[in-house]
Every structure is written in structure tokens, then in C-alpha cells.
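Undergrad: The following comprises the amino acid sequence and a computationally predicted model.
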Amino acid sequence: MDVPLIEFRDVTKRFGDRTILDQISLKIYENQITTIIGKSGTGKSVLLKHIIGLLEPDEGTILFRGRPVREMEKGEWEAYRSQVSYMFQNNALFDSLSVFDNIALPLRQTTNLRKREVMRKVMTRIQQTELTDVARKYPSELSGGMQKRVALARALVTDPKIVLFDEPTTGQDPIRKNIILGMIAHYRRIFGFTAVLISHDIPDVFFIADRIILLWEGKAAFEGTYEESTQLDHPMIDEFLHSLEGFQDELTGLLSKQVFKNRYTVTLQKGKLDTTISAILFTVDFDLVAELFDAPVFEILKIMGENINDYFGPLGGFSARHQRNQLLTILPHITLADAQSLLDTFALRLREKAFADIQAVIRSRMGADVCLNLSVKAGIIEGKSTDDIDTIIAMAESSQKTVAVYRCDQGGEA
Amino acid sequence: MLQARSQIRPFSSLGKAAGDFIRKLGSMALFFGEGFCKIFRRKQIREIINQVFYIGAKSTNIVMLIGLFTGMVLGLQLYYTLIKFGSEGVLGSVISLSIIRELGPVLTAIMITARAGSAMAAEIGILRISEQIDALYTMRIDPVRYIVSPRIAAAIISFPLLTAFFDLIGIIGGYLTGVLLCGVNEGAYFYRAQSYIDMVDIRGGFLKSLVFAVLVATICCYQGFFTHLRSDSFGAKSVSLSTTSAVVMSCVMILVSDYVVTSFLM
């Protein structure tokens, strides 16, 4: 792999007698989203504050593109800092300044941009974060979620190269959490910044994270991809991930990924051998009108989850969100032919009932004049309960066909 | 050996306290120096005007009220004292001199400390504990330049102006009681006041107000800015203690420095 953008080498930080970071070593790579997870009090925020220079290590070295930051000249250090932006856990908004002034503050104070240019940049961020109606209000007049978005807009207004997000989704509802995470992923693609975020929103955060770093007792217990993390054999880490993930996926109301996997292995694999199962993998594709972080996208996924649960649940099926826009259902004791018949009926239900709900969401959220199209693809595969779940998913994905299309210009169903 | 140690202990703690105090004074002096040097920047003008409005303009009414009653009390007290010596004719000069040289600068500074100094310490303390000062740092905005410098500049501008208001209203207050109430001759009151006041008295009063401005702004900003370093408390409690310390320390320093400056001027 390339030289890491930021590297911690044996960094130790103590506050009094407490050692928060204990000779921690980790790497953060450019143009990736690195998610830091760990129990409360394990030094996640302390770690981020070291990156931006708010704290200095007692021991060890922090390197930026292979160069120790302590050895940087003043100009070099300032140039480094100008590339880094930080979104605080409690937002750290200036309560005596309006939303507009809060977002404009770094531009007004650190650049020589003209008033009109500042206005343009700030208004762009305000629109992107859906804050147009509250631009003249003060932070204390906003909800927690709105304050979070103001902090996000302020962090992004200077077009930074590295953005550090300290629990950006805390206190948000499931839809808003996904919107914020989607926004981070979306902006990272557009602006090409490197994101380092602390989050406890599992599995949502895993859908956008390129790498995960797990802090455990002051050290980086794990560094790698989500797939690699699932292979970990560490009972305490396993327990921690389970406790964070919870029983249900907050957004769709379906089973959490871990509970789904447990149910698959415990109920089916450890029960009767060679039980016939069918798996249906749904993918919801949106047209270009919908940005990844648009609220309707997540509300539509929620509607899909509810419909899948309502329809397949009573038949003994259990479902989970597999990817950001993919939902997987396992139907025990059901053959491929029966599953196909069930899918046809479900597709009809989608067109008759779910699309009406989706239409209502699009109209209320995006306005009657905005046209958003979507298609639902489904792939069915028959297998045995002893089959590996990942193999089943891969096969179902390869057999996906479009089962329902929503076109706004045809009043919904097409 | 143990006995010797127990005998030294009171002195060692006294020495430690003295050392801490001197270290703190040095730290405050550096803090003021940094804040003062960062005043001179074009982008500061707007913020300085805001602070002049807050520290200066909004304190005008209370300073004038205090000035009026101080002058009135002086008028009464001095009239009944001077009349014993048959010297009530010098009432105007005594009131004017005591207000311009001493009471004007000192009481104005104490009033501003109570009104604006405490607010400065509390506001900066809250900025500190809610990580807003850290946020400035992460945005590459120098917190001392953005928060402290405008307040120091505004204090340096506001204190002498408010002192001038206090002096004027104080002399009018003395006139109200001395002339209108007690019957001192109006012409004698103003003639004595005018003839006994020299420019050196006015300059001395303004010099004091400048010294007080520097002290009050520095102490209040310093207490708020380093709220998080307090070892005796955290969070909201530390803000309240910082505010109390700022007010008490400012008042004490106003009186101590008043003596020092007066002794140099005399």
C-alpha cells in the first residue's frame, strides 16, 4: 500500500495517572473513509485531537505523509492544518452567531474572499445541508439534528482535504443518521477528501467505511476492512460489535446483520441438516435525481424494509439489510418455484401499495415538481441450509432481474 | 529532621503560593502582550466596535448614575466638613479634584468590572468549556486574536471615555447638593473647580483609567480563557469560579495599582 496520509507510531497520551493512548500505532490512508470505533473513554476523540494538533503526544510520533509533524516548520505546519477540518462531538457552534455567520466564520477570518464569494460558498453549503430556512436563526433555536448539520456545513465550507468527524450522527434519528453518513460518503467522492470518523452506528457506518480501526484499551486492536473485522476471533471485540449493532437495523426495521447471521447459522445450520431454503436479494436503484444523502432515499428503503417484513415475516422468512440499498430475505423450507411465486405476488404488492407510499414520500419531501424514478431488482436462489451465506448472496445477486419500476412521469407504477 | 520540616512547612507553602502568584503574573503579562500585539489588524475593526458598544456604550448609564450619586454624596459630606472651617467656598475644587484624580477612574473601573468584566470572564469561560475555543483553533482562527484582542482594545478605548463621563456627571452631582441644596455660591463653585484643576490632574486620571483598562481586560479575559486549567473545579462550576476570581482580582488590582500610580504621579 502507499505511504499513509497520517500515521501514529507508538503514540502515548496520559492525563494525570490515566493512560488514554498506550503506544498506539495506526495508519490512515488518503481518499478513504476510516472509521474509528471503540468503547466510551478509549480515547477516540483524543486520537482525533492529536491529528489536528489540539493535543500533543507524550511519547511517540505522528507522521503526515511520512514526515513527523513535530519536525515541521511553522509554515509547513500551518499548510498541513489548513487542509484539516474538525467536526466536534458537541458541535462547538458559536451561540452568539447565526447559522450563516457560524458557517461563514472560517472563510471571513482565514481568507481574503470577497463578501459575495463568501455568501455564495456559505449558501451552497446551507442548501446542501437543508438549512436554508434556518440560516438567520441562532444555534440555540435549532434542534440537535439541525445543529449537527450546521457543524457539518462549517467543517466542509473551506473545502478541506482531511475531515475529522467526532461522532457526527449522535442524537440523530435513523433516517438522518444515514443522510449524514451518505453525505460524508458523497462529498468524499466529489471533493476527494480523506474522512476519519468516530461512530457507533453499526452497521450503517460500515456501508461507507473503507477501513475500520477498533480502539481497545488504548491500542488499535484491529485495522482493516469490515469484511476482515467479521473474521476476527476476539471474544471481547465480538461482544462489543454485537452490543453496538443491536437487534434491529434502525433504518429498515429488519434484523441487524449479526442477528441475521446468528439466526441463519443457529436456526438453520445447527438444526435439521440440508433444509431447503430460498434467498431473495432485493436491490433498490435510484435515478440520478436522487443524491445518496437525500432523505427520500432512506425513507424509501424504510418502506421497502417494512413491506418485506410484513410480507415474508409471517411466512417464516427473515431479512436484513445487506448493503446500503440491498435487502436480503431467507425463506426456510421454500423451494425456488414457490419463492418465485411469492416474489411475483410481492412485486404486485409493491406496485399497488408500496409505490403509493413512496410517491407520498417523494412529493412531501422533494415537492410535486421533482421527478424521482427507481427500480427494484430481485434475485432468487435455492440452496441448502448448510451453504455458506456469502455464497448464497453472491449467487442471488448474479441472478437479479427488475421486478418493479417506479416512474414518476407515469404516476408511479410502470 | 522531622521537627525541622514541620517548622519549615508554613514557609514553604507561603513560598509556593508566592511563586505561583509571580508565575501567574508573568503569564498574564505575556497574555496581555500577545493580545495587544494582535489588535492591529484590519479585520479586527468590526469586532472592536462591537466590544466598544458592549463594554463602553452599554455601561454608560450605570457609570453616569454612579457618578451622579458619588458627586452628590461628596457635595453633602464635604460641605458639612468644610463649613466647620468656613471654607465651603472651595467645595467645587475639592469635589472636582477628588473625582478627577481618584474617584472617577477607580469607581468607573470597578463599575465596568462588575458589569462587563464579569461578563467577559463568563463568556470566554463558556466558550472554553464548550470547546468553541478549540473549534477556533481547528479553523485556524487564532483564539487570542479573535476573542481577547478586541476586548483589550475596547477596554482601552472605553475606560477613559467613561471616566470622562463619570467626572463630568460627578461634578454636576456635587453642584446639585453643594449649590442647589446647601447654598454654596454657584460662581464660586465653578470658578474654584476650574482654577484648581490642572492638566496634570486630568492626565493623571486618564493614565489611571488606561492602567485599569489593561488590568481589568487582561485579568477577566485570562480567567475565562484558562477556565479549563482550574484545578479546583470543572464545567459550569469552573466558569462561575473564574468569573468570581476575575471580579475580585480586578477590584484588588485596581486599588493596588491606583496607589502605585498615584505615588508615581505625586
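TA: Done, it's in.
Undergrad: For residue A:60, which three-state class applies?
TA: What DSSP: H, G, I helix; E, B strand; the rest coil gives for residue A:60 is strand.
Undergrad: Pull the number of nearby residues for it.
TA: For residue A:60, the neighbour count with other CB atoms under 10 Å in any protein chain shown is 16. Just so you know, the C-beta spots here come from the backbone N, C-alpha and C atoms, and that holds for glycine as well.
Undergrad: just checking, it touches residue A:22?
TA: No. Residue A:60 is beyond contact range of residue A:22, at 10.0 Å (criterion: CB atoms under 8 Å).
Undergrad: Now for the two: what residues contact both?
TA: Contact criterion CB atoms under 8 Å, 6 or more residues apart in numbering or on different chains; residues shared by residue A:60 and residue A:22: residue A:12.
Undergrad: Now do the same contact list for residue B:34.
TA: B:144, B:148.
Undergrad: Now it: which helix or strand?
TA: helix B:2-37 (DSSP states H and E).
Undergrad: How about residues contacting the helix or strand following that helix?
TA: Heading C-terminal from helix B:2-37, the first helix or strand you meet, by DSSP H and E, is helix B:44-51. Residues outside helix B:44-51 that contact it (CB under 8 Å, 6+ apart) are B:38-39, B:145-146, B:149-151, B:153-154, B:157.
Undergrad: Format the residues you listed as JSON lines; extra columns: pLDDT.
TA: Shown next, in JSON lines, are those (pLDDT from 0 to 100):
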{"residue": "B:38", "pLDDT": "91"}
{"residue": "B:39", "pLDDT": "91"}
{"residue": "B:145", "pLDDT": "94"}
{"residue": "B:146", "pLDDT": "93"}
{"residue": "B:149", "pLDDT": "95"}
{"residue": "B:150", "pLDDT": "95"}
{"residue": "B:151", "pLDDT": "95"}
{"residue": "B:153", "pLDDT": "95"}
{"residue": "B:154", "pLDDT": "95"}
{"residue": "B:157", "pLDDT": "95"}
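Undergrad: Any figure for the gap between the most centrally placed residue in chain B and chain A?
TA: In chain B, the centroid-proximal residue (CA atoms, centre = their mean) is residue B:109; its distance is 3.0 Å. With distances taken as CB to the nearest CB, to the nearest Å, residue B:109 is found 25 Å from chain A.
Undergrad: Same question for residue B:207.
TA: Taken as CB to the nearest CB, the span from residue B:207 to chain A is 34 Å.
Undergrad: Identify the residue nearest that residue in space, chain neighbours excluded?
TA: residue B:261 (6.6 Å; CB to CB, 6 or more residues apart in numbering or on different chains).
Undergrad: Residue B:205 is in contact with the one you found, correct?
TA: No. Using CB under 8 Å, residue B:261 is not in contact with residue B:205, being 10.1 Å away.
Undergrad: These two: which has the busier surroundings?
TA: residue B:205 (27 against 17).
Undergrad: so what's the backbone phi/psi at residue A:276?
TA: phi -70, psi 130 (degrees, to the nearest 10).
Undergrad: Determine the set of other helices and strands touching the helix or strand containing residue B:95.
TA: Following DSSP H and E, one finds residue B:95 within helix B:91-98. Counting contacts by 3 or more CB pairs under 8 Å, 6 or more residues apart in numbering or on different chains; DSSP states H and E, helix B:91-98 is packed against helix B:60-82, helix B:149-175, helix B:186-196.
Undergrad: Could you check the angle that helix makes with helix B:186-196?
TA: 40 degrees (axes from the mean of the first three to the mean of the last three CA atoms, to 10 degrees).
Undergrad: What mean pLDDT does helix B:91-98 get?
TA: Across helix B:91-98, the average pLDDT comes to 92.
Undergrad: Quick check: the residue nearest to the centre of chain B touching residue B:252?
TA: No. Taking contacts as CB under 8 Å, residue B:109 lies outside contact range of residue B:252: 11.8 Å.
Undergrad: before we move on, back to that, check what pLDDT the residue nearest to residue B:207 gets.
TA: 93.
Undergrad: and if you look at the one 4 residues further on?
TA: Reported pLDDT at residue B:265 in the predicted model: 85.
Undergrad: Residue A:73 too?
TA: For residue A:73, pLDDT reads 88.
Undergrad: Now do the same contact list for it.
TA: Contacts of residue A:73 (CB under 8 Å, 6+ apart): none.
Undergrad: try 10 Å this time
TA: Residue A:73 is in contact with residue A:79, counting by CB atoms under 10 Å, 6 or more residues apart in numbering or on different chains.
Undergrad: any idea how far it lies from residue A:137?
TA: 42 Å (CB to CB, to the nearest Å).
Undergrad: Kindly report the same for residue A:99.
TA: Counting by CB to CB, the gap from residue A:99 to residue A:137 is 6 Å.
Undergrad: With residue B:112 instead?
TA: In terms of CB to CB, residue B:112 sits 32 Å off from residue A:137.
Undergrad: ditto for residue A:71
TA: For residue A:71 relative to residue A:137 (CB to CB), the value is 45 Å.
Undergrad: If you count surrounding residues, which of those two has more?
TA: More neighbours surround residue A:137 than the other of residue A:71 and residue A:137, with 15 against 10 (other CB under 10 Å).
Undergrad: Surely that one and residue A:126 touch.
TA: No. Assessed by CB atoms under 10 Å, residue A:137 is found out of contact with residue A:126, at 11.5 Å.
Undergrad: what do these two both touch?
TA: Common neighbours of residue A:137 and residue A:126 (CB under 10 Å, 6+ apart) are A:99-100, A:150.
Undergrad: For chain B, state which of these is nearest.
TA: residue A:150 (11.9 Å; CB to the nearest CB).
Undergrad: pLDDT weak spots in chain A?
TA: In the predicted model of chain A, residues A:1, A:203, A:230-253, A:255-258, A:262, A:266-273, A:288-295, A:365-368, A:370, A:409-414 satisfy pLDDT under 70.
Undergrad: For residue A:30, give me its contacts.
TA: A:2-6, A:65, A:161-162, A:192-194.
Undergrad: let's see it at 8 Å
TA: Contacts of residue A:30 by CB under 8 Å, 6+ apart are A:2, A:5, A:194.
Undergrad: Can you give me the distance of it to chain B?
TA: 20 Å.
Undergrad: you'd agree that residue is in a helix?
TA: No. Assessed with three-state DSSP, residue A:30 is coil; it does not lie in a helix.
Undergrad: Spatially nearest residue to the residue of the stretch 301-414 of chain A found nearest chain B (excluding sequence neighbours)?
TA: The nearest approach of the stretch 301-414 of chain A to chain B comes at residue A:324, 29.7 Å away (CB to the nearest CB). Nearest in space to residue A:324, with sequence neighbours left out and distances taken as CB to CB, 6+ apart, is residue A:207 at 4.3 Å.
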